[in-house]
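Asker: Provided below for reference: sequence and predicted model.
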Amino acid sequence: MQRFPSTIHVVIADDHPLVRSGIRSLLKTLPEVSVAAEVADGSELMEVLASIRPDVVITDISMPGMDGLEALSRIRACQPKVRVIVLSMHDSPDLVKRAMASGAAAYLRKDSSDFELASAIQSVMITGSYISAGIAKVLMSAGEPEAEQVLTDRQTQILKMLASGQTSKEIGFALGLSPKTVDVHRSRIMERLGLRDVASLTMYAVRKGLVRP
């Protein structure tokens, strides 16, 4: 099981100095978080990531030069263990899905509360992902989401195992996770897919061809 680091090192990417300042001020109130660097666009972000390995990147989508989506794809290719939280003023279903498909671990609107951003940081470190209730509603309003668009590879793997009838204990043993961690993943999967129970997860997996009925 992956250990939770004693200090979470964060890089902030946003082209607005006031936004970066606000995020930095919030993160300073979290004793377990340290701001490793701040950048104004995707190109600067990739330069910084060439020399340091943070735990979390908080990035906007709309930035000059290299935008957040392109940076996301590059981060997934060169530093796949870095959790990327998108913090954007835009929440169209297409943009959210593209961000998730590009490797975002979480997607938040810029009008989210301080508590939600703090929760997202902790959640992506523990489970690898986070999705707010507001963003979940956006995705649901656009129709049933595809697993590969909103779930991580590990979450898709666990979804298939749950839909095949395996228990949290069995899944945990197979993947080297604790049953509690599997339960947290299950909750996140249901949250991202807008489902309420394992039966719904199973029916979803069958509909999408992830498991055989």
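Answerer: Yep, that arrived.
Asker: which residues are contacting the longest helix belonging to the chain?
Answerer: In terms of residue count, the longest helix belonging to the chain (DSSP state H) is helix 179-193. Residues from elsewhere that reach helix 179-193 (Cβ atoms under 8 Å, 6 or more residues apart in numbering): 1, 123, 126-131, 136, 139, 144-145, 147, 150-151, 154-155, 158-159, 162, 167-169, 171-172, 175, 177, 195-198, 200-201, 204. Any C-beta I mention is one placed from the backbone N, CA and C, and that applies to glycine too.
Asker: Filter the residues you listed down to the buried ones and express that as a ChimeraX selection.
Answerer: Here is the ChimeraX selection string for the buried members of the contacts of helix 179-193, based on 16 or more other Cβ atoms under 10 Å:
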select :123,127,128,129,130,131,136,139,145,147,150,151,155,158,159,162,168,171,172,177,195,201,204
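Asker: Out of the contacts of helix 179-193, list just those in helices.
Answerer: Short answer: the contacts of helix 179-193 in helices (DSSP H) are 123, 126, 136, 139, 147, 150, 154-155, 158-159, 162, 168-169, 171-172, 175, 198, 200-201, 204.
Asker: coming back round to it: in the longest helix of the chain, what's buried?
Answerer: Buried residues in helix 179-193, defined by neighbour count with 16+ other Cβ under 10 Å: 181, 182, 184, 185, 186, 188, 189, 190, 191, 192, 193.
Asker: and residue 35, what helix or strand is that in?
Answerer: strand 33-39 (DSSP states H and E).
Asker: In that strand, which residues are buried?
Answerer: 33, 35, 36, 37, 38, 39.
Asker: hmm, which two among those residues are most spread apart?
Answerer: Maximum pairwise distance among those (Cβ to Cβ): 17.2 Å, between 33 and 39.
Asker: before we move on, the earlier item: which of the buried residues of strand 33-39 lies closest to residue 211?
Answerer: Distances from residue 211 to those, taken by Cβ to Cβ, are shortest for residue 33, at 38.7 Å.
Asker: Surely the closest one is in contact with residue 7?
Answerer: Yes. Taking Cβ atoms under 8 Å as the definition, residue 33 is a contact partner of residue 7 at 7.4 Å.
Asker: re the thing from before, so what touches the strand holding residue 35?
Answerer: By Cβ under 8 Å, 6+ apart, strand 33-39 touches 7-13, 20, 24, 27-28, 45, 47-48, 52, 54, 121.
Asker: Please convert the buried members of those into PyMOL selection syntax.
Answerer: Selecting the buried subset of the contacts of strand 33-39 in PyMOL, with 16+ other Cβ under 10 Å as the burial test, is done by:
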select buried, resi 8+9+10+11+12+13+20+27+45+48+54+121
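Asker: how about low-confidence regions in this protein?
Answerer: Counting by pLDDT under 70, the chain contains low-confidence ranges at 1-4, 140-144, 213.
Asker: which residues touch the nearest residue to residue 102 once chain neighbours are set aside?
Answerer: Distances taken as Cβ to Cβ, 6 or more residues apart in numbering put residue 72 closest to residue 102, at 3.9 Å, once the chain neighbours are dropped. With contact taken as Cβ under 8 Å, 6+ apart, residue 72 is in contact with 59, 84, 86, 99, 102, 103, 104.
Asker: Relative to the whole chain's centre, how far out is stretch 24-41?
Answerer: 18 Å (Cα atoms, centre = their mean, to the nearest Å).
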